[in-house]
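> Sequence and predicted structure, then a few things I'm wondering about:
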Amino acid sequence: MTAQIIGTYIVSLSLVIGSGFVLVGVIGLLKFNDPMTRLHAPTKVGTIGIGMLLLGSIIHSFDIGEPSTHELLIMGFLFVTAPISANFIAKVNIHRRACDTPPKPAKDDTWSTLNVADPDRETSS
Amino acid sequence: MGRAYNWLLPHPLLTLILTIVWMFLQNEISAGMIVFGFILGIIIPWSTSIWWPDTPKGFRPGKMISYSMIVIWDIIVANIEVAWIVLTVPTSKLKPAWIVVPLKLREPEAITMLAGTITLTPGTVSADLSDQGHSLLVHVLHTNDPDAVRDEILTRYEARLLEIFS
């Protein structure tokens, strides 16, 4: 067994694990029936799924002798942007009253998404 | 000297990050690319400085590294936990909950980092901030004890971020 063959096995393993996690994310998206719980599956399971696919890509590039670390940058940007999109989807759900009304904040008057004048409010009906 | 330094490098960490990002984009390490990345790292913060009102004070990069390690480990564990919940818990038995996290953190950068960490880790998504920024609204996918989740966020993440931004 040369190093290259072992490398190929590791690449295949990380591709399988990565696509497995993406599949679980998709199942979660289809299975849950409430917008807020649906949000959980893709945001979390998606990050490690894509992370493992990118890890496979890095190992493969070293394996064939053309080292590349671009993928780390993709991972970094993904980890910075995934929470932002999740936060915006959650805010839209709260704004449209598509979920249970959240409890009152501990220290302030209201949540910033609910803090709008009545005429500006878009209802889900 | 100090003033010249502040004028040229209003955000030293941003300069460093931009240089590193440029190196990764180029996918090679050579003296020319390091110099060019550093020039970009000076020009970009300088030309966009009106949108960066003030540098976060008292940022400790050393503690940031150990915090990142903990977060990466938690992300891996959280992914397996969430995958398990998705595959085994039927939708009717799911117990989602809202939790309210009172914040001691005041810096916008620190709150952003806490919210991002919460979204990336165990079955929690940070949904909203209160109008004055003293509480964080978090949605939990499946829990029997919402208070325990809140206490874990406070002790595991917020306490460490308070040390990093102090």
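Yes, it's here.
> From residue B:78, how far off is the residue minimising distance to the centre of chain A?
Geometric centre of chain A, nearest residue: residue A:43, 2.5 Å, by CA atoms, centre = their mean. For residue A:43, the distance to residue B:78 (CB to CB, to the nearest Å) stands at 11 Å. C-beta coordinates here come from the backbone N, C-alpha and C atoms, glycine included.
> Residue B:67 now?
Taking CB to CB, one finds residue B:67 at 16 Å from residue B:78.
> sorry, back to before: pretty sure the residue nearest to the centre of chain A sits in a helix.
Yes. Under DSSP: H, G, I helix; E, B strand; the rest coil, residue A:43 sits within a helix.
> List the residues that contact it.
A:82, A:83, A:85, A:86, B:119, B:120, B:125 (CB atoms under 8 Å, 6 or more residues apart in numbering or on different chains).
> in chain B, which spans are helices?
Under the criterion DSSP state H, helices of chain B are mapped to B:2-8, B:12-26, B:31-47, B:61-88, B:108-120, B:146-152, B:159-164.
> Tell me which of those helices sits nearest to residue A:115.
helix B:108-120 (16.9 Å; CB to CB).
> Pass me the low-pLDDT residue ranges in chain B, would you?
B:1-8, B:10, B:53-58, B:122 (pLDDT under 70).
> What parts of it come near chain A?
Contact residues, chain B versus chain A (CB under 8 Å from any CB of the partner chain): B:21, B:24-25, B:27, B:75-76, B:78-79, B:82-83, B:86-87, B:91, B:94, B:96, B:98, B:100, B:102, B:115-116, B:118-121, B:123, B:125-135, B:137, B:139, B:141.
> switch the cut-off to 7 Å
B:21, B:24-25, B:27, B:75-76, B:78-79, B:82-83, B:86-87, B:91, B:94, B:96, B:98, B:100, B:102, B:115-116, B:119-120, B:123, B:125-132, B:134-135, B:137, B:139, B:141 (CB under 7 Å from any CB of the partner chain).
> buried subset of the residues you listed?
B:21, B:24, B:75, B:78-79, B:82-83, B:86, B:94, B:96, B:98, B:100, B:115-116, B:119-120, B:123, B:125-131, B:134-135, B:137, B:139, B:141 (16 or more other CB atoms under 10 Å in any protein chain shown).
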